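Q: Return a 3D structure for these sequence lines:
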Amino acid sequence: MSTTTSLLALWKEARTRFSNQLSQLNEDDLKRKLPPIQIALDF
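A: Numbers count the residues shown, from 1 in each chain. Down below sits the predicted model:
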């Protein structure tokens, strides 16, 4: 399987999963926020 074919298959699966979730969303879900987190980058 080529890289392009593999990525296309992954994209189609993600699009399908997202589309399936859209029908179940309601207004309260859109108001949710993730808690703030601190991201530390150490080099």
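Q: roughly how far out does the longest helix anywhere in the chain sit from the chain middle?
A: Taking DSSP state H as the criterion, the chain has its longest helix at helix 3-22. In this view, helix 3-22 has its centroid 10 Å away from the chain centroid, taken as Cα atoms, centre = their mean, to the nearest Å.
Q: Would you mind measuring from Asn26 to Asn20?
A: Counting by Cβ to Cβ, to the nearest Å, the separation of Asn26 from Asn20 is 15 Å. Where you see a C-beta, it was placed from the backbone N, CA and C, and this is true even at glycine.
Q: go on, Pro36?
A: Taken as Cβ to Cβ, the span from Pro36 to Asn20 is 29 Å.
Q: Looking at those two, which is more packed in?
A: Applying other Cβ atoms under 10 Å to Pro36 and Asn20 shows that Asn20 carries more neighbours, namely 9 against 5.
Q: one step back: what's the average pLDDT for the longest helix of the chain?
A: What helix 3-22 shows for mean pLDDT is 95.
Q: Past it, which element shows up next along the chain?
A: Next in sequence after helix 3-22, counting helices and strands by DSSP states H and E, comes helix 27-30.
Q: okay, that following helix in CSV with CA atoms only?
A: Coordinates of each C-alpha in helix 27-30 appear next as CSV, following Å, rounded to 0.1, in the frame of the first residue of the first chain:
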residue,chain,number,x,y,z
GLU,A,27,-25.8,23.5,21.7
ASP,A,28,-24.4,22.6,25.1
ASP,A,29,-21.5,20.6,23.5
LEU,A,30,-20.4,23.7,21.6
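Q: Next, work out how far apart Met1 and Glu13 are.
A: Here the criterion is Cβ to Cβ. By it, Met1 lies 14 Å from Glu13.
Q: Of the two, which one has the most company?
A: The neighbour comparison of Met1 against Glu13 (other Cβ under 10 Å) goes to Glu13, with 10 against 6.
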